[in-house]
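Enquirer: Model the structure of this input:
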Amino acid sequence: MLFGAAAGAFLPRIAHRLTVPFGSPARSACGRCGRAYPSGAAGWIHAGPACGAGGHWPPVTFALIAGVLAAALGPTPQLPIHLLAVIPGLLLAMIDLGCLRLPDRLVGTIALGVGAPLALLAPDRIVPALAAGLLVGAAYLAIALLPGHGLGLGDVKLGAALAFLLGFAGWPAVAVCLGTAHLLNGVVATWLLVIRKGRPLPFGPALLVGFLLATVTPALTGALTAA
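Expert: So this is what the prediction gives:
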């Protein structure tokens, strides 16, 4: 959890600078106070909120996720892989919540950064993993192309990437991820209708929550069964 809190402290400024409309460059100044960011790495590497007006939830969230992963996975080769994946995962969630965008580079970082080590650990699962990614990607693309769709191309790519990664664990993990994501977004959408607050609903955070649940569920289920 200390690793999570320390790493998460550097995420707010990066996420804030990348929370811009599609095709726009990263922010050169704080969107809250208007203060210009330093040039070079100093403008990106900063512990704490993006500015004094920012919040502190990313470090806390990162610490909690890291703790859940450590408790569920234990000292396994998969633990450091998934801990590192939390960094781009949280960035994607923060950006999607802020501007309904899932940058390709971050999606690719998760797919390659987690997929490559998992492929080395379980080469016999590469074909099922690819099949899961292609199937989910094709299904989501078909939904995104429908009139009045609720998915963007970023959602399609992220869904395919996460399905590919969970394909190494098996089809039940893919089903848990997607089922959780759609259930969670359905509940939130219903709540927004009840309070009559229509607004576009990002799907990326729900997919990432589903991915986390699918990752830890087998380990937690096994521990409860053993007990």
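
Enquirer: So Thr217 sits against Val176, correct?
Expert: Yes: Thr217 lies in contact with Val176 (Cβ atoms under 8 Å); the separation is 5.9 Å. In short, each C-beta sits where N, CA and C put it, glycine included.

Enquirer: Between the two, tell me which one has more neighbours.
Expert: Ranked by neighbour count (other Cβ atoms under 10 Å), Thr217 and Val176 place Val176 first, with 20 against 17.

Enquirer: dump the residue contacts of the residue nearest the centre of the chain.
Expert: Centroid-nearest residue in the chain, with Cα atoms, centre = their mean: Gly89, separated by 3.1 Å. If a contact means Cβ atoms under 8 Å, 6 or more residues apart in numbering, then Gly89 has 110, 208, 211 as its contacts.

Enquirer: Let me have the residues you listed in JSON lines, adding distance to Gly40 as columns.
Expert: Shown next, in JSON lines, are the contacts of Gly89 (distance: Cβ to Cβ, whole Å):
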{"residue": "Ile110", "distance to Gly40": "26"}
{"residue": "Leu208", "distance to Gly40": "30"}
{"residue": "Phe211", "distance to Gly40": "33"}
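
Enquirer: Top of these by number of neighbours, please.
Expert: Counting neighbours by other Cβ under 10 Å, Phe211 comes out on top of the contacts of Gly89 with 29 neighbours.

Enquirer: and it, what pLDDT?
Expert: For Phe211, the pLDDT comes out at 97.

Enquirer: didn't Cys99 look like it was pressed against His16?
Expert: No: the pair Cys99 / His16 is not scored as a contact, 10.6 Å apart, by Cβ under 8 Å.

Enquirer: how far out from the middle of the chain is stretch 129-138?
Expert: Chain-centre distance of stretch 129-138: 18 Å, with Cα atoms, centre = their mean, to the nearest Å.

Enquirer: what do you get for stretch 76-90?
Expert: With Cα atoms, centre = their mean as the basis, stretch 76-90 stands 11 Å off its chain's centre.

Enquirer: So for that stretch, what gets flagged as buried?
Expert: Buried residues in stretch 76-90, defined by neighbour count with 16 or more other Cβ atoms under 10 Å: 78, 81-90.

Enquirer: which one of Cys99 and His16 has more residues nearby?
Expert: Neighbour count, other Cβ under 10 Å: between Cys99 and His16, His16 has more, with 23 against 15.

Enquirer: Which element, helix or strand, includes that one?
Expert: According to DSSP states H and E, His16 maps onto helix 11-18.

Enquirer: Run through the neighbouring helices and strands of that helix.
Expert: Contact partners of helix 11-18 among helices and strands, from 3 or more Cβ pairs under 8 Å, 6 or more residues apart in numbering; DSSP states H and E: helix 57-73, helix 78-99.
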